[in-house]
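# with the input below, show me the fold.
(3 chains)
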Amino acid sequence: MTRHSAEARVPVLFVVPAALGLAILLLPLAGLLARAPWNRLGEILGSDGVLTALRLSLLTATLATAICVVCGIPLAWLLARGSFPGRSLLRGLVTVPLVLPPVIGGIALLVAFGRGGTVGRWLESATGTTLPFTTAAVVIAQSFVAMPFLVIAVEGALRGADRRYEDVAATLGASPWTIFRRVTLPTVAPGVLSGAVLCWARALGEFGATITFAGSFPGITRTLPLEAYSAIGAGDAETAIVLSLLMIAVAVAVLALLRDRWMVRG
Amino acid sequence: MGVLQRLLPIGVHCKGVAALLAGAVAAFSGAACSGAGEPDRITVLAAASLTEPFTMLADEVSDDGDVALSFGASSALVEQLRAGARADVLATADTRTMALAVDAGLITGDPIVFARNSLVLAVPAGNPGGVSGLADLARDELRVALCEPQVPCGAAAERMLATAGIDARPDTLEADARDTAGKLALGEVDAALIYRTDVTSAMAIVDVPPEAEVVTEYLVAIVDGASNHRGAEEFIAAVTGATGRRLLAEAGFDTP
Amino acid sequence: MSLLAKVAVRRGDFELDVTLDVSAGSVISLLGPNGAGKSTLLAVLAGLLRPDAALIELDGETVIDTVTGTYVSARHRRVGLVLQDYLLFPHLSALENSAFGLRSRGVPRGTSRSVAASWLARLGVAEVADRRPRELSGGQAQRVALARALAVEPRLLLLDEPLAALDVGTRPAVRADLRRHLAEYDGCAIVVTHDPLEALVLGDRLVVLEHGRVVQEGTPEQVTRHPLTDYVARLVGLNLLRGSADGRVATVGPAAVVTLAHDAAGPVHIAFSPAAVTLSPHRPEGSARNAWAGTVADMERHGDLVRVTVDGPVPVLADITPLAVADLDLAPGVAVWASVKATEITVYPA
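Next up, the predicted model:
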């Protein structure tokens, strides 16, 4: 029996909760729009501080996403296909950044990579560099919080992939790497893409871990969220509102550009 | 406390109620926190560095009367008032911010100086960076934390550095006095300009030339439109009275 | 390119224990009911499943020997696989699919593509070279899958239900084509199917698998004439009885005897076509010596005729005309007599 129309028979019971959910999501946005200083918009957006923060945010979020993709896909593969002891524990650990308050994550990063940290100390004695207060630290903090999004999305896609395609490819003489590159990856590409988008958005909005681990300095570590925080601290609510709207606009633009069909299978 | 300050830019001690961000949502938070409707309740907005002394003062002073305390960067608090938050008392960490509040017509009566805090050059215990004076803040290889210039402790830091003629190379400009102290406490910076009241036993103070010393004056005033005028007066009296002076001194403030 | 395979696999309750000997260039039709182990056997041969015990020699090269620990992976085995749903890589064109094996072995792109193109042409699907798998018809997809497997010149070609995904109308033509291509292919081929006609048309030899064991093998003629199990008998459409013969009479049950046309002795299979069975309401008179009472259990159309299943001491299938059904007023539960002429019966040792 074919479905002739996309007629959605909405259960009446859904209308009120759905409206409530929408209100929770949209009212703060409406509040921002209402309080925004529209006459000063251009001035604020064009100010050095904002532009610098925007550039820094875009750069770090993109770098962090790249790191997450390069490291996350193999990790997801191991979780989906590997068979080694402790695999479920590993999967649990991978999701820890999701439940950790970002500030705690920042403190954890300091403990590991800070000047007195386990890795940080070695890094300083071996290369003379320290991580805190550098742009690299921002990228690390963002990668830390955003990686689970990518790993989970890709692992899900890998689990759902039909492995018989890979079997056929093996009988045709393909090496495991060729199979991954030419058969598996194209199949899970939508999952990778949606994971990467979530990853990027999370990295863009990251605040707690960044400010704790990387500090806040214009042009080096002061990303858009940190710039907004600084504005609030300085009593400049208008700038804070404009920055909030800017971040929302950027996120919406990215999500709108990446169309539905690229991210959903079939 | 420092960590909590990061979770929200203002740490709030509303009895049983959690507050929201400043700025656009200030109006809402004012409503959520308003003790200003009831006769015996007062709402106090105070600078972050006053957290310990004011909290203890509120406990000692109010029998069962509610003292709702809301802490944050002074400029953020003024912003809240401007946005329509309800409060009875305002206590700022410097004269400039109080002047802003007065100019905006947010204050009735005259603000009173009730405490003084000095800005100090602090280093982690053991002085890993080998800091001997303000001039070291210009060293590139040293990790330095300062407050944002737009917040009171940042403005004070700028004044101090300007007087001493130093071009500091900070690695981070924190939005909150406590955040700056926090970086030092974590050992991630070699030096920071922080309030004396934020110095802990894990830190040491390095002397600065007397002419560069910066003392910030803390002012307290009644908010215009306060619903509990008498309660506000009583609180201010407590702050400037014996109990208040004792608690402030214990915290490291100077009292006039 | 010959194949010698002794394979044993244990999976829970299921046990597969098979020996296959395929001479160079021949096509084996592997028949069996669902769960017989056909796909398991193919998976082992292709290198996708590790057997518990096996010795497989492909073209003289030992590909698996569990005793010595030899195991050549699927990648190096040169075994071609064509599965029931073809599994053409959806993001590649037909040409790229066919060239995949060559490209994976390091053959340069240009050469791979021209070799692939020639295979597509040989199989008659040159025109779909640039199309994606979802744009192909069932028959075209099957041929592209075959081209993909053949392009790397495998030593062994395994086809798992190659025609099952096609609709009945296109099957005969594709089947005939496939027969032709298999004839041209000089390696060994194993075709797994549950369709007897397909097995008979495509295979030089039939191997019947039941419950993980080979129950019969031989030429199509041998198997259809002398089915050794009920499954095979049903498959080839014959009645099969088992009994003990003593001269011209064989006992097939407590009160059931069959009269034979020739002498026989010992355990025997007795086979006769359903078309040779006559049904009548009373015990028949006439030259038919074999008559048994029974009840109609089931009736279904079988081409132009009606196949009637008769239960009783001697259960048989009878093909009779619809007119006869009406005349005899047949319906499930009705008592009938089934009779067969002894000359229509084939007897062979069990």
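
# any part of whichever strand or helix holds residue A:56 near chain B?
Secondary-structure assignment from DSSP states H and E places residue A:56 in helix A:48-81. No. Helix A:48-81 is not in contact with chain B by C-beta under 8 Å from any C-beta of the partner chain; minimum separation 10.8 Å. (Glycine included, C-beta is placed from N, CA and C.)

# remind me what that helix packs against, helices and strands.
The helices and strands touching helix A:48-81, judged by 3 or more C-beta pairs under 8 Å, 6 or more residues apart in numbering or on different chains; DSSP states H and E, are helix A:87-94, helix A:135-160, helix A:185-205, helix A:224-233, helix A:237-257.

# of those, which stretch is the most buried?
Most buried of those by mean neighbour count (mean count of other C-beta atoms under 10 Å in any protein chain shown) is helix A:224-233; its value is a mean of 26.

# got a list of contacts for that helix?
Contacts to helix A:224-233, defined as C-beta atoms under 8 Å, 6 or more residues apart in numbering or on different chains, come from residues A:49-50, A:53-54, A:56-57, A:204-207, A:210-211, A:216, A:218, A:222, A:237, A:239-240, A:243-244, A:246-247, B:9, B:21-23, B:73, B:75-76, B:79, B:148, B:150-151, B:173, B:175-176.

# and the helices and strands packed on helix A:48-81 as TSV, adding mean pLDDT and distance to residue B:203?
TSV is the format used below for these (pLDDT from 0 to 100; distance: least, C-beta to C-beta, whole Å):
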stretch	mean pLDDT	distance to residue B:203
helix A:87-94	90	35
helix A:135-160	94	23
helix A:185-205	91	33
helix A:224-233	88	22
helix A:237-257	85	31
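
# which of the ones you listed sits closest to residue B:94?
Nearest to residue B:94, of all the helices and strands packed on helix A:48-81, is helix A:224-233, at 13.9 Å by C-beta to C-beta.

# strands along the stretch 1-150 of chain B, start to end?
Per DSSP state E, counting those that start in this stretch, the stretch 1-150 of chain B carries strands over the ranges B:12-13, B:42-47, B:67-72, B:89-92, B:107-124, B:144-147.

# just want the angle from the second one to strand B:107-124.
Here strand B:42-47 points in a direction 40 degrees away from that of strand B:107-124 (axes from the mean of the first three to the mean of the last three C-alpha atoms, to 10 degrees).

# helices and strands around strand B:42-47, which ones?
helix B:51-61, strand B:67-72, helix B:74-82, strand B:89-92, helix B:229-240.

# can you tell me the closest non-neighbouring residue to the closest residue to chain C within the stretch 151-256 of chain B?
When scored by C-beta to the nearest C-beta, the stretch 151-256 of chain B has residue B:172 as its residue closest to chain C, at 47.8 Å. Closest residue in space to residue B:172, ignoring its immediate chain neighbours: residue A:215 at 3.0 Å, by C-beta to C-beta, 6 or more residues apart in numbering or on different chains.

# which of the three states applies to that neighbour?
Using DSSP: H, G, I helix; E, B strand; the rest coil, the structure places residue A:215 in coil.

# again, but for the one 3 residues further on
In the three-state summary, residue A:218 is assigned as coil, counting by three-state DSSP.

# residue A:53 is in contact with that one, correct?
Yes. With contact defined as C-beta atoms under 8 Å, residue A:218 reaches residue A:53; the gap is 7.4 Å.

# looking at the two, which is more packed in?
Using other C-beta atoms under 10 Å in any protein chain shown, the more surrounded residue of residue A:218 and residue A:53 is residue A:53, with 24 against 16.

# so the more buried one sits against residue A:216, correct?
No. With contact defined as C-beta under 8 Å, residue A:53 does not count as touching residue A:216 (10.2 Å).

# what do the two both touch?
Common contacts of residue A:53 and residue A:216 (C-beta under 8 Å, 6+ apart): A:222, A:226.

# residues of chain A that sit close to chain B?
Counting by C-beta under 8 Å from any C-beta, the positions of chain A adjacent to chain B are A:28, A:31-32, A:35, A:101, A:103, A:107, A:110, A:114-116, A:130, A:132-133, A:208, A:211-212, A:215-218, A:220-222, A:229-230, A:232-237, A:240-241.

# change it to 6 Å
A:31, A:35, A:103, A:114-116, A:132-133, A:215-217, A:229-230, A:232-235, A:237, A:240-241 (C-beta under 6 Å from any C-beta of the partner chain).

# quick one, what contacts the residue in the stretch 251-350 of chain C positioned nearest to chain B?
The nearest approach of the stretch 251-350 of chain C to chain B comes at residue C:300, 75.4 Å away (C-beta to the nearest C-beta). Each residue near residue C:300 by C-beta atoms under 6 Å, 6 or more residues apart in numbering or on different chains is listed here: residue C:307.

# quick check on it: phi, psi?
phi -150, psi 150 (degrees, to the nearest 10).

# is chain C within reach of stretch A:159-170?
Yes. With C-beta under 6 Å from any C-beta as the measure, stretch A:159-170 is seen reaching chain C through A:164-165, A:167-168, A:170.

# can you flag the buried ones in those residues?
A:165, A:167-168, A:170 (16 or more other C-beta atoms under 10 Å in any protein chain shown).

# for chain B, what's the nearest residue on chain C?
Per C-beta to the nearest C-beta, residue C:91 is where chain C lies closest to chain B, at 46.2 Å.

# how near is the closest residue to that residue other than its chain neighbours to residue B:112?
Nearest in space to residue C:91, with sequence neighbours left out and distances taken as C-beta to C-beta, 6+ apart, is residue A:186 at 4.5 Å. To residue B:112, residue A:186 is 73 Å away according to C-beta to C-beta, to the nearest Å.

# does the residue of the stretch 151-256 of chain B closest to chain C really touch residue A:218, like I thought?
No. Counting by C-beta atoms under 6 Å, residue B:172 does not reach residue A:218; the two are 10.2 Å apart.

# so which bits of the stretch 151-266 of chain A are right by chain C?
A:164-165, A:167-168, A:170-174, A:178, A:186.

# if anything else comes up later, I'll come back, but that's it for now.
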